[in-house]
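J.: Based on what follows, work out the 3D shape:
(one chain, ligands or ions: 1)
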Amino acid sequence: MKIVHTIAELRAQLRGQLRTAFVPTMGNLHEGHLSLMRIAAKNGDPVVASVFVNRLQFAPHEDFDRYPRTLQEDAKKLEAEGVYVLFAPDEKELYPEPQEFRVHPPQDLGDILEGEFRPGFFVGVTTVVLKLFQCVSPQVAVFGKKDYQQQMIIRRMCQQFALPTTIVSAPTIRDLDGLALSSRNQYLSAEQRQEAPWLYRRLTQTADQLRQMLADQSLSLEGIARLEGQARAELKARGWVPDYFAIRRQNDLKPLEQADLLKSSQGAERPQMVVLAAAQLGQPRLIDNLEVDLD
Ligand code: PAF
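T.: Predicted coordinates:
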């Protein structure tokens, strides 16, 4: 595996490659990231990974300075996965001057859920992803569904800018107890780590309740609001501080409307839903989601 730190070296390494599959990361790689590399390998050749902790997507009070930087260990793991090039630029390389041009996702997608509680986050993400795409010119790029809204926004960005990159979504990888793998899990104390899988269990319970309501035709907007409220109250009662626990449409992350329920009751189309949650457990903030699979 070649490790390159400059855009010029990267482009030289990838000259003539038409089927590059790309996985951008912020490093501190775990099994979840490695699963993305394997999916990339099935969708293209060569596989290129990047490691760059992107200052633009962190708010001033967030963990940019203490975000774990483990490039040597990351490189070993990527090499073992057969990654062809690791692009690991420093800040001066990617942002040699203040990044004044930025991508602003549409408000109705970028300012809800994560965007509401982390203002500017998706501007930072889409700006760096667009820039990385310009450097790598991938045919395919792989993003995890753990960051459900992120992969959706990036797919829309590619569509709207007619970028020649297909976004492949990858399933969330979980620990045996259900906790979604995340670099930030290492901020959890032993006690918090015990409690953390409860978030996924609560998502699962809500998804089951929704399926049941669909099956007995009792799904209503009030019922949806009740399920959301119950889950938020339970999170609070267990010591979490929820930002959101929301049942949304899979295709646009908007709340369901009466028309969605009507179509379903007429047997025309069952609403495709996803349950998304973000909550703080002490200092660490966890996010997770679950698509409500109807089959
Ligand atoms: O998901 C991440 O790790 C980051 O948001 C990404 C896509 C690498 C952009 O910095």
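J.: Pull the number of nearby residues for the spatially closest residue to residue 201 that is not a sequence neighbour.
T.: Leaving aside its sequence neighbours, residue 201 sits nearest to residue 178 (C-beta to C-beta, 6 or more residues apart in numbering; 6.2 Å). (Glycine included, C-beta is placed from N, CA and C.) Residues within reach of residue 178, counting by other C-beta atoms under 10 Å, total 15.
J.: Please, where are all the helices along the stretch 51-200 of the chain?
T.: For the stretch 51-200 of the chain, the helices defined by DSSP state H, counting those that start in this stretch cover 71-80, 91-94, 107-110, 114-117, 121-136, 148-160, 190-195, 198-215.
J.: tell me which parts of the stretch 51-200 of the chain are close to the ligand?
T.: Residues of the stretch 51-200 of the chain lying close to the ligand by C-beta under 6 Å from any ligand atom are 54, 57, 125, 128, 129, 147, 150.
J.: can you tell me how far the spatially most central residue of the chain sits from residue 57?
T.: When C-alpha atoms, centre = their mean is applied to the chain, the residue found nearest the centroid is residue 147 (1.6 Å). Between residue 147 and residue 57 the computed distance is 11 Å (C-beta to C-beta, to the nearest Å).
J.: Check residue 22 too.
T.: 18 Å.
J.: which one of those two has more residues nearby?
T.: Legend: neighbour count by other C-beta under 10 Å for residue 22 and residue 57, higher for residue 22 (28 against 21).
J.: measure the closest residue to that one other than its chain neighbours to residue 69 for me?
T.: Leaving aside its chain neighbours, residue 22 sits nearest to residue 138 (3.6 Å; criterion: C-beta to C-beta, 6+ apart). Distance, residue 138 to residue 69, using C-beta to C-beta: 24 Å.
J.: and if you look at residue 19?
T.: 31 Å.
J.: Same check on residue 31?
T.: Following C-beta to C-beta, the distance that separates residue 31 from residue 69 is 19 Å.
J.: Let's see the ChimeraX selection covering just the buried ones among the residues of the stretch 51-200 of the chain next to the ligand.
T.: Buried residues within these, by 16 or more other C-beta atoms under 10 Å, are selected in ChimeraX with:
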select :54,57,125,128,129,147,150
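J.: Next, format the residues of the stretch 51-200 of the chain next to the ligand as CSV and append pLDDT.
T.: Shown next, in CSV, are these (pLDDT from 0 to 100):
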residue, pLDDT
54, 98
57, 98
125, 99
128, 99
129, 99
147, 98
150, 98
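J.: any idea of the mean pLDDT for the host helix or strand of residue 23?
T.: Residue 23 is part of strand 21-25 when elements are defined by DSSP states H and E. Strand 21-25 carries an average pLDDT of 99.
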